[in-house]
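Q: only geometry, no sequence info:
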């Protein structure tokens, strides 16, 4: 579904990703782990198309067979890619409903959007009032992460990248986010960037990818996450 | 005063013009004879003719204001000062000449009148060509008519207030207006009467090189309440037009007046307006001022808080695109104890446009226990554009509370990326952020107008990407 070919990425001339080759398959769940500064977030931003991240000339990111590297972020979103931000911004004066309505641009009836958002808010345990406020204004860390997950669901994306959806989130919220993602998994592909095995107990990845120094250092099953939890990244050779 | 047509390239729905069929058009330029002629045509009483002549002399003696935007391109000899579009004022839209009726149909005035207005006044060039007011309101003693009619039919009220709050010598353009004024609204709300629906005035300039000088006077007696809305549009011409209005408002004890402006002049209009309110004990004045159009706007709605407990508010939005200067702001003068003022200004500049917030807050000795709140935020959309803030505070009283906030922000790349990652195109993302920025002010405007305002802003934003 998503193919990375010799992906090198630099920001302001500094190379962060140093040649990554990997294919993500449809319907699977992937965990991406690695020490700070290993390039996990850069990977997420590059797939979504942040303009500050520059891919190398030989690099390709193929999504369902098309190279998306020249596409704008909104075009990639329309292809079905979603990025849940590590630190979701607050937007003054822009309400979640407005945002969803603009994003769906007539593809869903406004009433349907409203009903879905309300339903998902309930499942995630966020108050409906938050939906009527400007996005994330006065929201806690946990609420912000839940709002990201809610947007992904209403927008019905196919490839969902969660950049540390578990950081700054209390145990109960983590549980409701994980349960929500499990419940709505269907044939979606999840890429879960995380520092902790905690969320993986709930989400049960098919594969664990370990990134070190901008490269894929090791690929394994769930046992790899357990090993990292017990022995640290030093044990990856 | 001409500039190349290709400078004007935005999508302006109201840029059409109709054939000029004036029943009377004064010659270009201004002299004392021209001023007398206007007064004569209007069959005015002597006191008004004298007022005009005196004002004309003040105008001639005053220098152009030099502290703000560049006005040197205005050529007073190249302007038509008086143009009478119809013989008589119409009481129904059908009575109007076809081209004038069509103009208002295209702006959407008759439609709005049916839906949600208590009264409508439509000014075309120099004169109010159509007027209607809800009959129930007339029975309650509410007067809503054009200023010329008011001079004829209510001279005792007009003479008591006219030009007392903004005298001719206040500034050069107030003097010019006082000399050649024509049209504008007169609103009188008797004691205790609350006008539930808004009264609306539409100002339309149709001819080239024209000067529109409407004069508005609003008197809200004790305990009364009224909301007045004005909208302004004009065709796109390569030559410049001038709009210099004077608006005086008297808010009596416990009364409330809200004055909303949606200014959308075409970008060849100089919009130089003086607006002031006298606010008595426990009175409340709100100016909601939205400036989207015009070439240069200079406008600083003021509230003189004379009575104890009086409140004043200015909420404003200014949008300056290519070749536009929006020099807007507010003045709050505290003369009495327990008075409070609030200024919220939001400005947006793009494609080389300039916005300035120019504000004055003055607290006189004895205005103790007063409070002042000023917040001005500027949003700059690109490197060529500019925003300046000139907040003056003259405080001569210790026992008061003052809050002042000012921010300047650029449209952040991270916010754009966030919205685009959700599937919004770049122009959609930009307008969502701009509309979000303005939201604290737009939510105060009646729904019909805030929708229109948001539509206008979105159009302006799309133009930037094109």
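A: Sure thing, it's come through. Because the structure is a prediction, the values reported are computed rather than measured.
Q: and residue 89, what is it in contact with?
A: If you meant another chain, say so; for now it's chain A. A:135, A:136, B:414, B:415, B:418 (C-beta atoms under 8 Å, 6 or more residues apart in numbering or on different chains). Where C-beta positions appear, they are placed from N, C-alpha and C, glycine not excepted.
Q: my question was about chain B, not that one.
A: Here residue B:89 is in contact with B:127, B:128, B:129, B:130, B:131, B:146, B:149 (C-beta under 8 Å, 6+ apart).
Q: and with 6 Å instead?
A: When contacts are counted by C-beta atoms under 6 Å, 6 or more residues apart in numbering or on different chains, residue B:89 touches residue B:131.
Q: follow-up on the earlier one: of the contacts of residue A:89, closest to residue B:316?
A: Nearest to residue B:316 among the contacts of residue A:89 is residue B:415, at 23.6 Å by C-beta to C-beta.
Q: hang on, the earlier thing: list buried residues within the contacts of residue A:89.
A: Among these, those classed as buried by neighbour count (16 or more other C-beta atoms under 10 Å in any protein chain shown) are A:135, A:136, B:415, B:418.
Q: now do the phi/psi pair for the nearest residue to the first one once chain neighbours are set aside.
A: Think residue A:135. Leaving aside its sequence neighbours, residue A:135 sits nearest to residue A:91 (C-beta to C-beta, 6 or more residues apart in numbering or on different chains; 4.4 Å). Dihedral angles of residue A:91 (phi, psi; degrees, to the nearest 10) stand at phi -120, psi 110.
Q: now, which of the contacts of residue A:89 lie within helices?
A: Cross-referencing the contacts of residue A:89 against helices under DSSP state H gives B:414, B:415, B:418.
Q: count the neighbours of residue 28 for me.
A: Went with chain A since none was named. Taking other C-beta atoms under 10 Å in any protein chain shown as the criterion, the count of residues near residue A:28 is 15.
Q: the chain in question should be chain B.
A: A count of neighbours around residue B:28, defined by other C-beta under 10 Å, yields 13.
Q: residue B:261 now?
A: So residue B:261, with other C-beta under 10 Å, has 25 neighbours.
Q: three-state assignment of it?
A: strand (DSSP: H, G, I helix; E, B strand; the rest coil).
Q: what residue in chain A comes nearest to chain B?
A: Using C-beta to the nearest C-beta, the closest approach of chain A to chain B is made by residue A:93 at 2.8 Å.
Q: now do the same for that residue: its pLDDT.
A: The model reports residue A:93 with a pLDDT of 87.
Q: one more: residue B:51?
A: At residue B:51, pLDDT is 98.
Q: and for the helix or strand encompassing it, what's in contact with it?
A: Secondary-structure element containing residue B:51, defined by DSSP states H and E: helix B:46-61. The contact list for helix B:46-61, computed with C-beta under 6 Å, 6+ apart, reads B:32, B:35, B:39, B:151, B:168, B:169, B:175, B:176, B:178, B:179.
Q: cool, and stretch A:138-147?
A: A:88, A:124, A:126, A:136, A:165, A:168, A:169, A:170, A:173.
Q: so for the helix ranked longest in chain B, mean pLDDT?
A: For chain B, the helix with the greatest residue count under DSSP H is helix B:447-465. Helix B:447-465 shows a mean pLDDT of 72.
Q: show me what counts as buried in that helix.
A: B:448-450, B:452-454, B:456-458, B:460-461, B:463-464.
Q: mind checking the SS state of whatever residue of chain B ends up closest to chain A?
A: Across chain B, no residue is closer to chain A than residue B:436, which sits at 2.8 Å (C-beta to the nearest C-beta). When classified by three-state DSSP, residue B:436 comes out as helix.
Q: isn't there a helix covering residue A:153?
A: Yes - under the criterion used here (three-state DSSP), residue A:153 sits inside a helix.
Q: burial of the closest residue to it other than its chain neighbours, as a residue count?
A: Among residues not flanking residue A:153 along the chain, residue A:120 sits closest, at 5.1 Å (C-beta to C-beta, 6+ apart). Using other C-beta under 10 Å, residue A:120 is surrounded by 21 other residues.
Q: mind listing what residue A:24 touches?
A: A:1, A:2, A:189.
Q: is the second one bridged to anything, and to what?
A: In this structure, residue A:2 has the following beta-bridge partners (DSSP bridges): residue A:24, residue A:63.
Q: also the last one?
A: With DSSP bridges as the criterion, the beta-bridge partners of residue A:189 are residue A:159.
Q: and it, how many neighbours does it have?
A: Residue A:189, neighbours per other C-beta under 10 Å, totals 21.
Q: likewise the first one?
A: By the measure other C-beta under 10 Å, the count of residues near residue A:1 is 17.
Q: could you find the closest non-adjacent residue to it?
A: residue A:26 (4.2 Å).
Q: against which helices or strands is the longest helix of chain B packed?
A: With contacts taken as 3 or more C-beta pairs under 6 Å, 6 or more residues apart in numbering or on different chains; DSSP states H and E, helix B:447-465 sits against helix B:426-442.
Q: elements contacting the helix it packs on?
A: By 3+ C-beta pairs under 6 Å, 6+ apart, helix B:426-442 packs against strand B:311-320, strand B:340-349, helix B:413-421, helix B:447-465.
Q: same thing but 7 Å
A: Packed against helix B:426-442 by the contact rule (3 or more C-beta pairs under 7 Å, 6 or more residues apart in numbering or on different chains; DSSP states H and E) you find helix A:96-104, strand B:311-320, strand B:340-349, helix B:413-421, helix B:447-465.
Q: tell me the mean pLDDT over stretch B:193-209?
A: 89.
Q: what is the end-to-end distance of stretch B:83-97?
A: End-to-end distance of stretch B:83-97 (C-alpha to C-alpha, to the nearest Å): 15 Å.
Q: list the buried residues for that stretch?
A: B:83, B:84, B:85, B:86, B:89, B:90, B:93, B:96, B:97.
Q: distance to residue B:299, pLDDT and secondary structure added to those, as TSV?
A: As requested, these are arranged in TSV below (distance: C-beta to C-beta, whole Å; pLDDT from 0 to 100; DSSP: H, G, I helix; E, B strand; the rest coil):
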residue	distance to residue B:299	pLDDT	secondary structure
B:83	23	89	strand
B:84	27	88	strand
B:85	26	88	coil
B:86	29	87	coil
B:89	28	87	coil
B:90	30	87	strand
B:93	30	87	helix
B:96	30	87	coil
B:97	32	87	coil
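Q: and the two most separated of the residues you listed?
A: Spanning the widest gap among the buried residues of stretch B:83-97 are B:83 and B:93, at 20.8 Å by C-beta to C-beta.
Q: ok so, going back, nearest to residue B:43 among the buried residues of helix B:447-465?
A: residue B:449 (36.3 Å).
Q: picking that back up, identify the residues contacting the residue of chain A closest to chain B.
A: Contact analysis of residue A:93 by C-beta atoms under 7 Å, 6 or more residues apart in numbering or on different chains lists A:134, B:435, B:436, B:437, B:439.
Q: next, the contact list for the last one, please.
A: Put plainly, it is residue B:439. Listed by C-beta under 7 Å, 6+ apart, the contact set of residue B:439 reads residue A:93.
Q: the helices in the chain, which residues?
A: Using chain A. Remark: helices assigned in chain A by DSSP H are A:40-48, A:73-79, A:96-104, A:110-124, A:129-132, A:141-155, A:171-183, A:198-203, A:222-231.
Q: I was thinking of chain B, sorry if that wasn't clear
A: Counting by DSSP H, chain B has these helices, from start to end: B:32-41, B:46-61, B:98-107, B:109-116, B:135-139, B:147-153, B:155-161, B:172-180, B:413-421, B:426-442, B:447-465.
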